[in-house]
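Peer 1: Here's my sequence, what's the structure:
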Amino acid sequence: MRYGALAVALAVVAGAVITVAWPEDKGSKDAPSDRPKASQSASGSPGAEGDKPGGGPGAAAYDAATKGVVNPSKRQGGTLKFVSTMDADSWDPQRGYYGFTWNFSRFYARQLLTYAAEPGAGPARLVPDLATGRARVGDGGKTYTYTLRPGAAWEDGKPVTSKDVKYGIERAWAADVISGGPSYLREVLDPKSDYPGPYKDKAKDKLGLRAIETPNDRTITFKLPQPYRDFEHLLAMPSASPVPRAKDTRDKYAQRPFSSGPYKFDAYQPNASLTLVRNERWQRSADPVRAALPDRITLDIVQSPAMRDAALRAGRYDLDVSAFGVDASQRAGLLGDAKTKAQLDNPYTGTIRYAALASNVAPFNNVHCRRAVFHATDKRSVRTATGGPEAGGELAPHLLPPGVSGSEPDYDPYGTTRTGGAPDLERARQELKECGKPTGFRTTVTVSDGRPQDVAVAEAIKASLARVGISAKVERLPFAEYTTTIGKPDHVKREGYGINLMRWSPDYPTGRGLLEPLADGRRITPRGNVNVALLKDKALDKLFDTSRTNQDAGRAESDDQQINHKVSDAAAYLPLTFEKALIWRNPRLTNVTTTSAYGGGYDFVSLGVLR
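Peer 2: Residues are numbered from 1 along each chain as shown. This is a model prediction of the structure:
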């Protein structure tokens, strides 16, 4: 699961799709031949030299960047200024796991594939990046072959080769040296953990991972032991970024990654600041994804959300890198003023807020007792506790947020959409009778003590359940220990933690990718357990297996829907809200659009600035 909360950009204006073409160059620093003159607006929109954002197509308006491109422009130059209250978990592409880290890393790290910069809440679409196209798939879905683009170069001018891609991926096996980051590629390519990683590799070239073949510098083939439908999504993660062996500084690589993208590290002070400057060896003709409009990119880390929001409103920064959203104390004022409201967007974060009902804690071993909680919970009060529609999000009728394949806007198994989130107390009481608890029962709701908003949600659930005789005690667990504590099934049972409040966001935008960690009974572990509900269903496990290996693209959406329906029927995870964030964009930003691929924030590599 990623923390917190995805070529060309498409602007949707009045039902028409407008392509914003990035400028062609003659070498990365030359001005494009079609660069607009001072009196001419790029693509007929604000943002060209001498222009200021104004009305018309692409103009700034509330939530406009979730539906189209705000201020589309080809203008190059200036400094793009980010601010944050936290540093990346790691700038090493193989180690980073925060959503904003993945998004930001695309400035300096490329992959074979990435996600298209397309507005809207639909699932992010894979497009070629370093590769010339999508994979040539063979052997029943066990082999994936790519050809690398000519012209892709490192910051020292050397070409990016297939061996660089292989070596970068192999670094993920060296978890004892460069800990962190997703483990999917290790699990899929080397399920028996036979490969020791490049630092212990006895091969002379340190490229001994047999599952990846590099017959020449521009061809790379992945050989999977078993088909894996979502494999290309794994290759779009930064953990699949190339790294030149000669530049690998192991555990110090995060201090100064070597660039294959349009920008390179200039200066970095951990937990303080980061500056990127242009990589002069990058060629626009070899990169169809990145606009690379600013000359410099900076990130400053400040002490508090209040300092961050004040600096953003004062214009000292362009946007918050984390996209967590403006502080609660600022929301009413920003939304209440028409001018400031026009600079706000309200995207989905791709995160589902839910409650896991632990089936090893009586009476939640009975599905009817679980359904009683589903019907008794007032989701309206829960959303109010999270900050309302803008900050709290949309009422969730099921577990798949918009932007994840398999999410169905009309699927409403427990009447959440139909009732507007109101509880069905009569149905809840009927379920209590069927589970043998007609007068209710006692249970405990756990919540992280470090998040006041989550505590308010727990109290709202407690109040809801009391109306049908379910007495819930809210137990606050230390923030730093929360997931560890509820990840121990025996401890959960011993303490009687029946209802456990959680959030989850997928590492890649497919229904199976989101639900398999939560609902595959074979993944239950004594420690670090994610399937907190302890959902065990052989039919559901079989669906996961079928979906994982099925190579029929036409059936992928259907597979994800079936899995979601099966999980909903089990009433093991109570969906609460599809989270949203209220985020600020500086009026001087150009090419602003949100993306569903990296936690709902802006597509960083498309951005430009008015100087």
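Peer 1: so where's the stretch 451-600 of the chain shaky on pLDDT?
Peer 2: Under the criterion pLDDT under 70, no range of the stretch 451-600 of the chain is flagged.
Peer 1: what are the ranges of the helices in it?
Peer 2: 452-466, 482-486, 489-495, 511-519, 538-549, 553-570 (DSSP state H, counting those that start in this stretch).
Peer 1: what packs against the first one?
Peer 2: Contact partners of helix 452-466 among helices and strands, from 3 or more Cβ pairs under 8 Å, 6 or more residues apart in numbering; DSSP states H and E: helix 367-376, helix 379-386, strand 442-448, strand 471-477, strand 499-504. For glycine as for every other residue, the C-beta is placed from the backbone atoms N, C-alpha and C.
Peer 1: how does it look with 6 Å?
Peer 2: Packing partners of helix 452-466 (3 or more Cβ pairs under 6 Å, 6 or more residues apart in numbering; DSSP states H and E): helix 379-386, strand 442-448, strand 471-477.
Peer 1: Strand 442-448 and that helix, what's the angle between them?
Peer 2: Angle, helix 452-466 to strand 442-448, by axes from the mean of the first three to the mean of the last three Cα atoms, to 10 degrees: 170 degrees.
Peer 1: quick one, what contacts the closest residue to Ala152 other than its chain neighbours?
Peer 2: Once flanking residues are discounted, Ala152 sits nearest to Val160: 4.3 Å by Cβ to Cβ, 6 or more residues apart in numbering. Listed by Cβ atoms under 6 Å, 6 or more residues apart in numbering, the contact partners of Val160 are Ala152, Pro242, Ser260.
Peer 1: got it, and Asp424?
Peer 2: Asp424 sits in contact with His375, where contact means Cβ under 6 Å, 6+ apart.
Peer 1: ok, now Ser259?
Peer 2: Counting by Cβ under 6 Å, 6+ apart, Ser259 has contacts Tyr108, Glu155, Asn279.
Peer 1: same thing but at 8 Å, please
Peer 2: Tyr108, Ala109, Trp154, Glu155, Phe265, Asn279, Trp282 (Cβ atoms under 8 Å, 6 or more residues apart in numbering).
Peer 1: Show me those residues that map onto helices.
Peer 2: Among those, none falls in helices (DSSP state H).
Peer 1: And the furthest pair within those residues?
Peer 2: Phe265 and Trp282 (13.7 Å; Cβ to Cβ).
Peer 1: between the two, which one's more packed in?
Peer 2: The residue with more neighbours, out of Phe265 and Trp282, is Trp282; 27 against 19, by other Cβ atoms under 10 Å.
Peer 1: So that one versus Lys264, what's the distance?
Peer 2: With distances taken as Cβ to Cβ, to the nearest Å, Trp282 is found 9 Å from Lys264.
Peer 1: again with Gln430
Peer 2: In terms of Cβ to Cβ, Gln430 sits 64 Å off from Lys264.
Peer 1: Neighbour count for these two, which is higher?
Peer 2: Lys264 (22 against 16).
Peer 1: Quickly list what that one is bridged to.
Peer 2: Applying DSSP bridges to Lys264 gives these bridge partners: Val277.
Peer 1: Reformat the contacts of Ser259 as CSV; add distance to Ser558.
Peer 2: Shown next, in CSV, are the contacts of Ser259 (distance: Cβ to Cβ, whole Å):
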residue, distance to Ser558
Tyr108, 38
Ala109, 34
Trp154, 43
Glu155, 45
Phe265, 45
Asn279, 43
Trp282, 41
